[in-house]
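Participant: okay, predicted coordinates and the sequence, questions at the end:
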Amino acid sequence: MSSTGSDEAATPEEESREGVSQVETETETATATTTETMNLVEAVRNALHTEMARDEHVVVLGEDVAENGGVFRATEGLLESFGDERVVDTPLAESGIVGTAIGLAMTDMRPVAEMQFMGFAYPAFDQLVSHAARMRSRSHGQYTVPMVVRAPYGGGIRAPEHHSESKEAFFVHEPGLKVVVPSTPADAKGLLIASIRDPDPVVFLEPKLVYRAFREDVPTNAYETPLGKAAVKREGSDVTVYTWGAMVHPTLIAADNVADEDGIDVEVVDLRTLSPLDVETVVDSFEKTGRAVVVHEAPKTAGLGAEIAATIQEEALLHQEAPITRVAGYDVPMPLHELEDYYLPQALRIQEGIRETVSF
Amino acid sequence: MSTQNEADHHPDGATVHGTTDPIQILDADGTVLSNAEVPDLSDDDLVSMYEDIKLARQFDQRAISLQRQGRIATYAPMTGQEGAQVATGYALDRQDWLLPTYREHAAKYVHGMKLSALLKPLCGLREGYAIPDGVTVMPEYIPIATQIPQATGMAWGEQLQGQTDTAVLCHFGDGATSEGDFHEGLNFAGVFDVPAVFVCNNNQWAISVPREHQTASETIAQKGAAYGIEGVRVDGLDPLAVYAVTHAALQKAKNPADGERRPTLIEAVQYRYGAHTTADDPSTYREEDEAEDWREKDPLDRMRNFLTNEGLLDDDLEAEIDDRIEAQLTDAIESVEGATTHPTTMFDHVYDELPDRLREQQDELESLRKKYGDDAFHEVLE
């Protein structure tokens, strides 16, 4: 990695680091000059390409990410553009991938490590929680781990066992890690760029069910969608549904359906960042509607729904009109594909949850 | 510890074959090599081994075709690797445990699983993982290398309970040797000297990553030396050689000679002719003609030639075998295609006793089904 000039490299927080291009670092609010229509996985690829072109410290490593371009094609073409020193097929070892990524980050590189599926990230758990999450606190702020660990997560694609898990709560529970989940192509690009530039370690979970589900216009420039900020996807006054990732789409469908059929006015909040939670947006919306439904595909017990419900109780109890409902995966191992339609919260179950909450 | 180039003799006296050429009994044409001995198998067993390899190859083709038609989900093909799978299965005694990965369909079948059970998980039915009474086959392992320490533990458990006639055979691929669990499992096996045989099906590719990129070690077998256990390289496309090596390793695991350690790491050198799974496209990362050299040593062809040379196989018997295989496959596919599973079976076997909270969730699912009907769950609402 001699080309990075790491001997002279400045601290990760310093913006004018050697090897970092100063062009195109607009924020989300800047007017983009051009857009391109992309699906979510193309937007991930575009974000990686954009940041690798801007900052030569950014490297991508993981299983099958280089020659094969990733099993979902998220890293396709990066090897051709940036070479095999920056786009690296590693041995098959998740702890090795994340552990070396921490080491790379400690020496001022900006690693983006891929876990092939979230269900295969567990060997790396020790490195993430024991080290990546607390390098900053253990070193009293002297060192940090500016690393992104990307992982496709979630069900609904008829995948084999262990390929459909949604275990974001494991990572949200760990202080020092940020956990980000985009639901749209434009957010995927902006959030991934922000994650790569963030000085702290980020677990970036990609909803593989919607990798190719729809396309939208995505700015071609480099832009950041700020971490820690939820997005109100639909405004409403009767009830707020909090969700993220692959569940945003069925939630919006459910919201339209209950509007048509029951006249219920639903607000939908896409959390986008699960840690740190955007408490302000969560509470503001609840103060307006007084009712909440949380939708996640992870098992119900100790899922993020519990954290959101408790936060609302702490911050906005006096606005509460009804019990908070959780529409979640059941507390069972993710079933094989024959039963996943019954396991995952579909629009059907979300509608039911909304109606129950509003009719309390 | 010796370096890789001088690792012929282990300090404990165990011979380390880790860096030698793979052991062979049959040459590429299926002729018995002049310095080799055919294992002590009956004529019936030899023919039956051939039939199972052929069944495995047909199973593979049918499964790939079913996946393409959308009748089963993602499938991990084994063509080119059936010889090693079947041969390791023949080396096992009935009571020995088998720990397979998602690719060891043939090994599972040979050790007692039904073809229909192999197909059920591919149809989304967890019932296929169920272990029938008297069958010692663990449900397939899908995470990489996690079975290796468990194999050591099972061998240890049998040993602690005086089951001296029982060993454990654990399959994994070349990619698995990079995981921490490989190191931990083999290290424990060496330290506790347990009756376990570790079979690395080195098929040269971990999805898109070639063997030489997986480890800087010259061979995988030589890694055994680091754990103080024997490492053996065998031609994984030579079923007789794989049988002989595995049989010897299992016997040693159960009855080691003085100074011998029980565990063995076998590197079965082979090739994944096809894709990693039906979701994979190997043309993006390897040359298609790479397989040609390996196909020259095809396990099915070699066994056919061997049996024909020995006078054990002729066209009539081949036709009989083909008919049997066709009937078995057709029965198995028909039996699973009609199979369904009740939605609440996802709540079965989570705990010994269903907790109240899960019972409530199960009841909630049932009331939704009653209210809306099953079709409503499968509809994509717009």
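Facilitator: Sure thing, it's come through.

Participant: please, where are all the helices along the chain?
Facilitator: Reading this off chain A. Counting by DSSP state H, chain A has these helices, from start to end: A:40-54, A:78-82, A:94-106, A:125-126, A:135-138, A:168-172, A:185-197, A:248-262, A:279-289, A:304-316, A:340-343, A:347-358.

Participant: that was the other one, I meant chain B.
Facilitator: Going by DSSP H, chain B shows helices at B:43-68, B:82-91, B:105-110, B:115-119, B:147-160, B:180-192, B:211-214, B:223-226, B:239-254, B:291-295, B:299-309, B:315-337, B:356-372, B:375-378.

Participant: okay, now the domains of the chain?
Facilitator: Just so you know, I chose chain A. Residue ranges for each domain of chain A read A:38-224, A:231-358, as given by automatic domain parsing.

Participant: switch to chain B, that's the one I care about
Facilitator: Domain segmentation of chain B under automatic domain parsing yields B:4-337, B:343-378.

Participant: in the shortest one, what's buried?
Facilitator: Of the residues in domain B:343-378, those buried under the neighbour-count criterion (16 or more other C-beta atoms under 10 Å in any protein chain shown) are B:343-347, B:358, B:361-362, B:365, B:368-369, B:376-377. For glycine as for every other residue, the C-beta is placed from the backbone atoms N, C-alpha and C.

Participant: could you dump those residues to CSV with pLDDT?
Facilitator: CSV is the format used below for the buried residues of domain B:343-378 (pLDDT from 0 to 100):
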residue, pLDDT
B:P343, 97
B:T344, 97
B:T345, 96
B:M346, 97
B:F347, 97
B:L358, 98
B:Q361, 98
B:Q362, 98
B:L365, 97
B:L368, 96
B:R369, 96
B:A376, 91
B:F377, 91
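
Participant: now for the residues you listed: which two are most distant?
Facilitator: The two members of the buried residues of domain B:343-378 with the most space between them (C-beta to C-beta) are B:L358 and B:A376, at 22.6 Å.

Participant: in the chain, where is pLDDT below threshold?
Facilitator: Looking at chain A here, since you left the chain open. Filtered on pLDDT under 70, chain A yields the residue ranges A:1-19, A:21-32.

Participant: wrong chain, I was asking about chain B
Facilitator: B:1-19, B:380-382.

Participant: in it, what residue is nearest chain A?
Facilitator: B:G124 (3.0 Å; C-beta to the nearest C-beta).

Participant: how about stretch A:336-347 against chain B, any contact?
Facilitator: Yes: using C-beta under 8 Å from any C-beta of the partner chain, stretch A:336-347 reaches chain B at A:336-343, A:346-347.

Participant: redo the domains of chain B as CSV? Include distance to A:R291.
Facilitator: Below are the domains of chain B laid out as CSV (distance: least, C-beta to C-beta, whole Å):
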stretch, distance to A:R291
domain B:4-337, 36
domain B:343-378, 19
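
Participant: just name the most buried of those domains.
Facilitator: Most buried of the domains of chain B, by mean neighbour count (mean count of other C-beta atoms under 10 Å in any protein chain shown): domain B:4-337, with a mean of 20.

Participant: gap between A:V65 and chain B?
Facilitator: Distance from A:V65 to chain B, counting by C-beta to the nearest C-beta, to the nearest Å: 9 Å.

Participant: and the stretch 251-382 of chain B, which residues reach chain A?
Facilitator: Residues of the stretch 251-382 of chain B found near chain A (C-beta under 8 Å from any C-beta) are B:279-280, B:284-285, B:340-341, B:343, B:345-347, B:350, B:357-358, B:361-362, B:365, B:368, B:372, B:376-379, B:381-382.

Participant: and the residue of chain A nearest chain B?
Facilitator: Taking C-beta to the nearest C-beta, chain A has A:E338 as its residue nearest chain B, at 3.0 Å.

Participant: tell me, how many residues neighbour that residue?
Facilitator: 22 (other C-beta atoms under 10 Å in any protein chain shown).

Participant: return the residues in contact with the closest residue to it other than its chain neighbours.
Facilitator: The shortest distance from A:E338 to any non-neighbouring residue, by C-beta to C-beta, 6 or more residues apart in numbering or on different chains, is to B:G124 (3.0 Å). By C-beta atoms under 8 Å, 6 or more residues apart in numbering or on different chains, B:G124 lies in contact with A:158, A:336-340, B:73, B:341.

Participant: got the residues you listed as CSV, with distance to B:T177 columns?
Facilitator: Compiled in CSV, the contacts of B:G124 are given as follows (distance: C-beta to C-beta, whole Å):
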residue, distance to B:T177
A:R158, 30
A:L336, 28
A:H337, 30
A:E338, 34
A:L339, 35
A:E340, 33
B:A73, 28
B:T341, 36
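
Participant: nearest to B:E184, of these?
Facilitator: If you rank the contacts of B:G124 by distance to B:E184 using C-beta to C-beta, A:L336 comes first, at 28.8 Å.

Participant: spatially nearest residue to the closest one, not counting backbone neighbours?
Facilitator: A:L336 sits nearest to B:G124 (C-beta to C-beta, 6+ apart), 4.4 Å away.

Participant: near chain B, which residues of the stretch 101-250 of chain A?
Facilitator: When proximity is defined by C-beta under 8 Å from any C-beta, the stretch 101-250 of chain A lies next to chain B at A:119-120, A:122-123, A:158-163, A:250.

Participant: go with 6 Å
Facilitator: Proximity of the stretch 101-250 of chain A to chain B, by C-beta under 6 Å from any C-beta of the partner chain, involves residues A:120, A:158, A:160-162.

Participant: of all those, which two lie farthest apart?
Facilitator: Across these (C-beta to C-beta), the longest gap, 17.8 Å, separates A:F120 and A:R158.

Participant: A:V283 is in contact with A:L317, isn't it?
Facilitator: No: the pair A:V283 and A:L317 fails to qualify as a contact (C-beta atoms under 6 Å) at a distance of 10.8 Å.

Participant: need the residue closest to the centroid of the chain.
Facilitator: With no chain named, the answer covers chain A. A:V181 (1.9 Å; C-alpha atoms, centre = their mean).

Participant: that was the other one, I meant chain B.
Facilitator: Geometric middle of chain B (C-alpha atoms, centre = their mean) lands on B:E104, at 3.1 Å.

Participant: now that residue, what are its backbone angles?
Facilitator: Here the main-chain torsion angles of B:E104 (degrees, to the nearest 10) amount to phi -90, psi 50.

Participant: in contact with it, which residues are there?
Facilitator: By C-beta atoms under 6 Å, 6 or more residues apart in numbering or on different chains, B:E104 lies in contact with B:85, B:171.

Participant: sorry, back to before: the residue of chain B closest to chain A and B:D322, how far apart?
Facilitator: Between B:G124 and B:D322 the distance is 30 Å, computed by C-beta to C-beta, to the nearest Å.

Participant: cool, and B:E260?
Facilitator: 43 Å.

Participant: ok, B:D331 next?
Facilitator: 15 Å.

Participant: now do B:K114
Facilitator: From B:K114 to B:D322 the distance is 20 Å (C-beta to C-beta).

Participant: so A:A133 is in contact with A:H173, correct?
Facilitator: No: taking C-beta under 6 Å as the definition, A:A133 is not a contact partner of A:H173, at 10.1 Å.

Participant: of these two, who's got more company?
Facilitator: The neighbour comparison of A:A133 against A:H173 (other C-beta under 10 Å) goes to A:A133, with 21 against 14.

Participant: in space, what's closest to that one - neighbours in sequence excluded?
Facilitator: A:G176 (3.4 Å).

Participant: next: B:P139.
Facilitator: Per C-beta to C-beta, 6+ apart, closest to B:P139 is B:Y129, 3.7 Å.
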